[in-house]
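[1] below is the sequence, then the predicted model.
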Amino acid sequence: MQALHGVSLTVDNGEMVAVLGANGAGKTTTLRAVSGTVARRGEILFEGKRLPRSAERTSRLGIGHVPEGRGTFSELTVLENLRLGAYTRRNGLGDDLDRVFAFFPWMRERRDQSAGTLSGGEQQMLALARALMGRPRLLLLDEPSLGLAPIVVREIFEIVRRLNEQEKLSVLVVEQNATVALESSSRAYVLESGKVALEGSSEELARNEGVRRSYLGY
Amino acid sequence: MQELFQQVVIGLASGSIYGLLALALVLIHRATGVINFAQGEMAMFSTYIAWQLVQWDVPYWLAFASTIVISFAGGLAIQRVVIRPVENAPVLTIVIVTLGLLLIFNGLATWLWSGEVRTFPPNRPFSTRTFDVGGVVINVQDIGIILVTLGLVAALWAFFQFTKVGLALRAAALYPDSSRLVGIRVGWMLGIGWGLAAALGAVSGMFTAAAFPPLEPSMMQAVLIYAFAAAVLGGIDSPFGALVGGLALGVFLNLVGTYSDDLQDLGFPVDLEGLRLPVAFVFILGLLLVRPQGLFGRVAARRV
């Protein structure tokens, strides 16, 4: 079944862009089209080159996808999850682990814990850390807030914002939680039934009456 | 008491053979969710390759090692060429394909090497000597088979636990989608899994020919049934369980055979010696009624 119809969007280098929309609007499919985990037509360019239609090769090009549901390797340990994140890289594992542990200090002590026993928020952080281990230049985040307490959501978005601002990591984040998504992004798209219904700067969209009523709830 | 120890050692040796083939079944089951019914015939075919090499004057242990390598390549090729096209087909389709492979390997072996009964190796791979440990007479071949098996399993465990490819193999088998996202070539990992299974099967086949001669095209059929029982006993997804299941089954079968006369003397109505297989299955069935996931298996939980 075709879920998207002529969606066109851009993420500039070092930019954080949000995609909003109701359930079934095509948010997850948008990310999966980029990472090559779903069949697609049309063209997606990354740093000027066409992206392959295979997830394995796409991830090798520097695109990290934190999937819906986190995709935790739950029977493996925290450290093994992180090692798998760096699978395509040959060296620098130690440096990357230090970098990730600096963002998530709890992971250092609990690296031998089985990942399936982590809380939902911890698993979300682990999924993010796993993607960072691949040293991506574009990070795709699928509903990082799903099922998490507001304070954990803040913490995760704070880290993503730091990565975006300090390390100039480009981020494309899909969210139902429009408030937090619009706060941390600079631009946003609103998807409706597989089409882009609205686009603009996040500030602008936060003031838009339709967006406010449908997604911000006031 | 000494006889008991002696029979336990003999049972552990045949149990190693079942355990190796059970491990092969588990590796493929974990990766594809399917029982490879051709595993026994692939092992038999590998054994014929070893036999052929020895016929060409390759020393036995060199032929042994070469056969492992050839079988690995063969298993990988089978996955890439035969299994990959049906990868996303229903499980039943893949099962039928493995049944087809079973027939192909059986026919191919008979055609290439004739169904003639052979002795392999012509000289025993291990010395036929026995040694005596406090009155317990132990066969060098039995000890050799047990040690090689344990060594192989330890090496395999270390490979899965400590190497990057081993980690990727575990990840790809259980979480193919997440694995693709981190750049693991899942298809190739499944191929390597088949290669490893074929290599383990080859060892099991070569030991079968040595311990339970002769070498003939149907020699692995009973072993496959034992291996399947061992894998189910240990928990079909547990490599450790497969080995333990194999060893336990080997010892159990051997003891039943050894003591059936004594049991009859004590008034047991039937001779169990000839009924070893049914007795083992009744035992396993009973265990599975209590522990459906096997000794070391995970409880299958499905979220609805």
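    Yep, it's here.
[2] could you list the low-pLDDT ranges of the chain?
    Looking at chain A here, since you left the chain open. Low-confidence segments of chain A, defined by pLDDT under 70, are located at A:218.
[3] um, chain B though
    The low-confidence ranges in chain B, as defined by pLDDT under 70, are B:123-124, B:299-304.
[4] so which bits of it are right by chain A?
    Residues of chain B found near chain A (Cβ under 8 Å from any Cβ of the partner chain) are B:164, B:167-168, B:170-171, B:174-175, B:177-186. Every residue, glycine included, has its C-beta placed from N, CA and C.
[5] for the closest residue to chain A within the stretch 201-304 of chain B, which non-adjacent residue is closest in space?
    Nearest to chain A in the stretch 201-304 of chain B, going by Cβ to the nearest Cβ, is residue B:298, at a distance of 8.5 Å. The shortest distance from residue B:298 to any residue other than its chain neighbours is 6.2 Å, reached at residue B:237 (Cβ to Cβ, 6 or more residues apart in numbering or on different chains).
[6] now do the contacts for that neighbour.
    Going by Cβ atoms under 8 Å, 6 or more residues apart in numbering or on different chains, residue B:237 touches B:26, B:29-30, B:297-298.
[7] now the residue of chain B positioned farthest from its centre. Its backbone dihedrals?
    Farthest-out residue of chain B from its mean C-alpha position, per Cα atoms, centre = their mean: residue B:267, at 36.4 Å. Reported as degrees, to the nearest 10, the phi and psi values for residue B:267 are phi 100, psi 10.
[8] next one: it from residue A:34, what distance?
    Between residue B:267 and residue A:34 the computed distance is 75 Å (Cβ to Cβ, to the nearest Å).
[9] circling back to that earlier point, buried ones from the residues of chain B next to chain A, can you make that a PyMOL selection?
    Selection command for PyMOL covering only the buried members of those, criterion 16 or more other Cβ atoms under 10 Å in any protein chain shown:
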select buried, chain B and resi 167+168+170+171+174+175+178+179+180+181+182+183+184+185+186
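[10] so which of the residues of chain B next to chain A are in helices?
    Assignment to helices by DSSP state H places the following of these there: B:164, B:167-168, B:170-171, B:174, B:177-181, B:186.
[11] for whatever residue of the stretch 1-150 of chain B ends up closest to chain A, what are its contacts?
    Closest to chain A within the stretch 1-150 of chain B is residue B:30: 10.9 Å, counting by Cβ to the nearest Cβ. Under the criterion of Cβ under 8 Å, 6+ apart, the neighbours of residue B:30 are B:173-174, B:193, B:237, B:239.
[12] kindly report the same for residue A:163.
    With Cβ under 8 Å, 6+ apart as the criterion, the residues that contact residue A:163 are A:103, A:132, A:139, A:169, A:171.
[13] where's it, which helix or strand?
    Secondary-structure assignment from DSSP states H and E places residue A:163 in helix A:150-166.
[14] now residue A:17
    Under DSSP H and E, the secondary-structure element containing residue A:17 is strand A:16-21.
[15] list the buried ones in stretch A:187-197?
    Of all the residues in stretch A:187-197, those buried under the rule 16+ other Cβ under 10 Å are A:187-191, A:194, A:196.
[16] those strands in chain A, which residues are they?
    Listed in chain order, the strands found in chain A under DSSP state E are A:16-21, A:45-46, A:49-50, A:63-66, A:138-142, A:170-175, A:187-192, A:195-201.
[17] what residues does the fourth one touch?
    Spelled out, it's strand A:63-66. Around strand A:63-66, the neighbours that count as contacts under Cβ under 8 Å, 6+ apart are A:31-32, A:34-35, A:37, A:46, A:51, A:55, A:59, A:85, A:124, A:127-128, A:130-132, A:134, A:136-142, A:144, B:181.
[18] go with 6 Å
    Contacts to strand A:63-66, defined as Cβ atoms under 6 Å, 6 or more residues apart in numbering or on different chains, come from residues A:35, A:127-128, A:131, A:134, A:136, A:138-141, B:181.
[19] next: the first one.
    Residues outside strand A:16-21 that contact it (Cβ under 6 Å, 6+ apart) are A:11, A:27, A:30, A:164, A:171-175, A:178, A:181, A:185-191, A:215.
[20] what subset of these is buried?
    In the contacts of strand A:16-21, the ones that pass as buried (16+ other Cβ under 10 Å) are A:11, A:27, A:30, A:164, A:171-175, A:178, A:181, A:185-191, A:215.
[21] can you pick the most crowded of the contacts of residue B:237?
    residue B:26 (28 neighbours; other Cβ atoms under 10 Å in any protein chain shown).
[22] can you tell me the closest non-neighbouring residue to the residue nearest to the spatial centre of chain A?
    For chain A, the residue whose C-alpha lies nearest the mean C-alpha position (Cα atoms, centre = their mean) is residue A:141; its distance is 1.1 Å. Nearest residue to residue A:141 in three dimensions, chain neighbours excluded: residue A:173, at 4.1 Å (Cβ to Cβ, 6+ apart).
[23] now do the helices in the stretch 151-300 of chain B.
    If you assign secondary structure with DSSP state H, counting those that start in this stretch, the helices in the stretch 151-300 of chain B sit at B:164-174, B:176-181, B:186-211, B:220-234, B:239-265, B:276-290.
[24] can I get the ones you listed in TSV with distance to residue B:105?
    Formatted as TSV, the entries for the helices of the stretch 151-300 of chain B read as follows, by distance: least, Cβ to Cβ, whole Å:
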stretch	distance to residue B:105
helix B:164-174	24
helix B:176-181	28
helix B:186-211	11
helix B:220-234	10
helix B:239-265	22
helix B:276-290	23
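[25] which one, of these, ends up nearest to residue B:15?
    Relative to residue B:15, the nearest member of the helices of the stretch 151-300 of chain B by Cβ to Cβ is helix B:239-265, separated by 2.2 Å.
[26] for that closest one, name the packing helices and strands.
    helix B:2-32, helix B:220-234, helix B:276-290 (3 or more Cβ pairs under 6 Å, 6 or more residues apart in numbering or on different chains; DSSP states H and E).
[27] can you give me how far that helix is from the chain middle?
    Centroid separation between helix B:239-265 and its chain, computed with Cα atoms, centre = their mean, to the nearest Å, is 16 Å.
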